[in-house]
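**Q** Using only what follows, build the 3D model:
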Amino acid sequence: MIYWHISEWIKRLFPDLIWDIRTADKKLYLTFDDGPTPDITDKILEILDHYNARATFFCLGRNVEHYPEIYQRIIQKNHRIGNHTYSHLKGWKTSHKEYFQDIELAHQFIKSDLFRPPYGQIRRSQIEYLKKRYKIIMWEVMSHDYQTLVSKERSLKAVFRHAREGSIIVFHDSMKASEKVLYILPKVLEEFSNKGFTFEVIDG
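**A** Numbers count the residues shown, from 1 in each chain. The predicted structure follows:
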């Protein structure tokens with residue numbers, strides 16, 4: 001089953017995680033996971049520039065290590081960055097020691113107090129440990145741009161339907177998601193810009 005939107009009861013169940021940024025202002029918080037990725041991240045940066053939009057990029061340490069010049073472009077363009085682990089580990093299936101070491105390794109390349117767990121998988125004990133150092137950022141709306149069985153039209157429709165003031169929305173600047181995200185992103189920016197929304201970074 002595909003979940004496009006996080007319900008309020010899940011948010012209440014995990015109050016230490018940041019699911020949205022409640023505001024009466026017309027603001028959206030676009031986020032991108034799993035980069036930086038050659039070509040794809042740069043194209044996303046160009047699209048964001050065109051709409052004067054800022055975003056938050058949750059980067060993998062191994063990708064930052066391999067593509068530091070792309071990572072620096074993200075920062076130079078006044079976007080925010082966050083830690084997404086070094087090697088995209090699943091918190092539910094990884095020992096605490098290995099998981100925390102992987103996050104610390106990523107921190108050597110990504111200086112940020114924002115963290116997003118890959119796959120959204122994180123145990124309560126991991127939350128308790130990490131919240132002392134990081135704001136743990138989840139999401140309210142998932143585009144599922146990486147899902148091969150989800151059409152780009154369906155993904156776009158879901159974002160239009162569920163995004164609201166203060167929503168944190170997830171996209172991916174990865175090869176797997178490239179076709180969909182490059183189709184969806186400009187349409188989301190156009191639609192919500194026309195409705196008076198701005199696109200902001202998540203503050204650390």
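**Q** Now the top helix by length along the chain: average pLDDT?
**A** Ranked by residue count under DSSP state H, the longest helix found in the chain is helix 178-194. Averaged over helix 178-194, pLDDT sits at 98.
**Q** Give me the helices and strands touching that helix, please.
**A** Of the remaining helices and strands, those touching helix 178-194 by 3 or more Cβ pairs under 8 Å, 6 or more residues apart in numbering; DSSP states H and E are strand 27-33, helix 40-50, helix 152-162, strand 168-172. Just so you know, the C-beta spots here come from the backbone N, C-alpha and C atoms, and that holds for glycine as well.
**Q** so which of those gets nearest residue 74?
**A** Closest to residue 74 of these, according to Cβ to Cβ: helix 40-50, at 6.9 Å.
**Q** Would you mind confirming that residue 100 makes contact with residue 133?
**A** No: with contact defined as Cβ atoms under 8 Å, residue 100 does not count as touching residue 133 (10.1 Å).
**Q** Just give me the residue closest to the centre of this protein.
**A** residue 31 (3.4 Å; Cα atoms, centre = their mean).
**Q** Okay, it and residue 124: tell me how far apart.
**A** Distance, residue 31 to residue 124, using Cβ to Cβ, to the nearest Å: 23 Å.
**Q** pLDDT weak spots in this protein?
**A** In the predicted model, the chain carries pLDDT under 70 at residues 204.
**Q** let's see it at 50
**A** Across the chain, nothing is flagged by pLDDT under 50.
**Q** burial count for residue 11?
**A** Other residues lying near residue 11 total 15 when counted by other Cβ atoms under 10 Å.
**Q** if I've got this straight, it is in a helix?
**A** Yes: counting by DSSP: H, G, I helix; E, B strand; the rest coil, residue 11 falls inside a helix.
**Q** Output the contacting helices and strands for the helix or strand following the longest helix of the chain.
**A** Using DSSP states H and E, the next helix or strand after helix 178-194 towards the C-terminus is strand 198-199. Here strand 198-199 touches strand 27-33, going by 3+ Cβ pairs under 8 Å, 6+ apart.
**Q** Okay, now the sheet partners of the strand it packs on, with direction.
**A** Counting by DSSP bridges, the strands paired with strand 27-33 are strand 56-59 (parallel), strand 168-172 (parallel), strand 198-199 (parallel).
**Q** so residue 170 bridges to which residues?
**A** Residue 170 has these beta-bridge partners by DSSP bridges: residue 31, residue 142.
**Q** Next, find the distance separating it from residue 110.
**A** As judged by Cβ to Cβ, residue 170 and residue 110 stand 18 Å apart.
**Q** Counting neighbours, which bits of stretch 114-133 end up buried?
**A** 114-118, 120, 122, 126-127, 130 (16 or more other Cβ atoms under 10 Å).
**Q** before we move on, the earlier item: the inter-axis angle of the longest helix of the chain versus strand 27-33?
**A** When axes from the mean of the first three to the mean of the last three Cα atoms, to 10 degrees is applied, the directions of helix 178-194 and strand 27-33 differ by 170 degrees.
**Q** hmm, who's touching helix 178-194?
**A** For helix 178-194, contacts defined as Cβ atoms under 8 Å, 6 or more residues apart in numbering pick out 26, 28, 30, 32, 37, 39-40, 43-44, 47-48, 50-51, 53, 143, 145-146, 150, 152, 155-156, 159-160, 163, 169, 171-173, 199.
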